[in-house]
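J.: fold the following and give me the result.
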Amino acid sequence: MSKRNKIIYWVATLWLALGMASTGGVQLARTKDDIDLMDRIGFPVYFLTILGIWKILGVIAILVPKFPLVKEWAYAGFFFAMSGAIFCHLAVADKGIADYFGPGLLVVLTAVSWYFRPAERKLV
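T.: Residues are numbered from 1 along each chain as shown. Here you go, the predicted structure:
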């Protein structure tokens, strides 16, 4: 792996981990804004707990060495959760760029981190 690719991987991965861990923590805290968002989208509030726990476990999975199969599942989960968030905002016709920026950025960081991951973090 070239030095350039290693830098791209770690920058994307650390920003992804920070984004997922912070949003997971906020979801576990069940802030009023997040509860209002769940109501507006039509999801039950307990969904915040599920998302928060899985995001934090996913961060651990992508940062810990070894376990490439678990990493693949974590990347897939991040992609599905964040692309799903974008579609949920579209479904309720949210118009603010802020509603789409966070999940959109995390989708991009997920894809970049996954693409540039080192060979020892891949299944094959």
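J.: going by C-alpha atoms from here, please, whenever you check contacts or count neighbours.
T.: OK.
J.: for residue 70, pull up the helix or strand it's in.
T.: helix 68-91 (DSSP states H and E).
J.: tell me who's in contact with the residue lying closest to residue 13 once chain neighbours are set aside.
T.: What sits nearest to residue 13 in space, not counting adjacent residues and going by Cα to Cα, 6 or more residues apart in numbering, is residue 113, at 5.2 Å. Counting by Cα atoms under 8 Å, 6 or more residues apart in numbering, residue 113 touches 8, 9, 10, 12, 13, 16.
J.: what's the fifth one sitting at in phi/psi?
T.: Translated: residue 13. phi -70, psi -40 (degrees, to the nearest 10).
J.: wait, doesn't it sit right on residue 107?
T.: No. If you go by Cα atoms under 8 Å, residue 13 and residue 107 don't touch, sitting 11.7 Å apart.
J.: quick check: next helix or strand after the least confident helix or strand in the chain by mean pLDDT?
T.: Lowest on mean pLDDT, DSSP states H and E among the helices and strands of the chain sits helix 32-41, with a mean of 93. Counting by DSSP H and E, the next helix or strand C-terminal to helix 32-41 is helix 46-63.
J.: quick one: contacts for residue 15?
T.: residue 109.
J.: so where's this protein shaky on pLDDT?
T.: Counting by pLDDT under 70, the chain contains no low-confidence residues.
J.: the same query, at a cut-off of 90, please.
T.: The chain contains residues with pLDDT under 90 at 1, 66, 93-96, 98-99, 119-124.
J.: out of everything not next to it in sequence, what's closest to the most centrally placed residue in it?
T.: For the chain, the residue sitting closest to the mean C-alpha position, by Cα atoms, centre = their mean, is residue 78 at 3.9 Å. Excluding the flanking residues, the one nearest residue 78 by Cα to Cα, 6+ apart is residue 110, at 6.8 Å.
J.: coming back round to it: the residue nearest to residue 13: which element?
T.: helix 97-115.
J.: how far off centre is that helix?
T.: Chain-centre distance of helix 97-115: 8 Å, with Cα atoms, centre = their mean, to the nearest Å.
J.: dump it to CSV, restricted to CA.
T.: The C-alpha trace of helix 97-115 is given here as CSV (Å, rounded to 0.1, in the frame of the first residue of the first chain):
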residue,chain,number,x,y,z
ILE,A,97,-29.0,21.2,3.2
ALA,A,98,-28.0,20.4,6.8
ASP,A,99,-30.4,17.4,6.8
TYR,A,100,-28.5,15.8,3.9
PHE,A,101,-24.9,17.0,4.5
GLY,A,102,-24.2,14.8,7.6
PRO,A,103,-25.5,11.5,6.2
GLY,A,104,-24.1,12.3,2.7
LEU,A,105,-20.6,13.0,4.1
LEU,A,106,-20.7,9.8,6.2
VAL,A,107,-21.7,7.8,3.1
VAL,A,108,-18.7,9.2,1.2
LEU,A,109,-16.3,8.6,4.1
THR,A,110,-17.6,5.0,4.4
ALA,A,111,-17.0,4.4,0.7
VAL,A,112,-13.5,6.0,0.8
SER,A,113,-12.4,4.2,3.9
TRP,A,114,-13.7,0.9,2.5
TYR,A,115,-12.0,1.4,-0.9
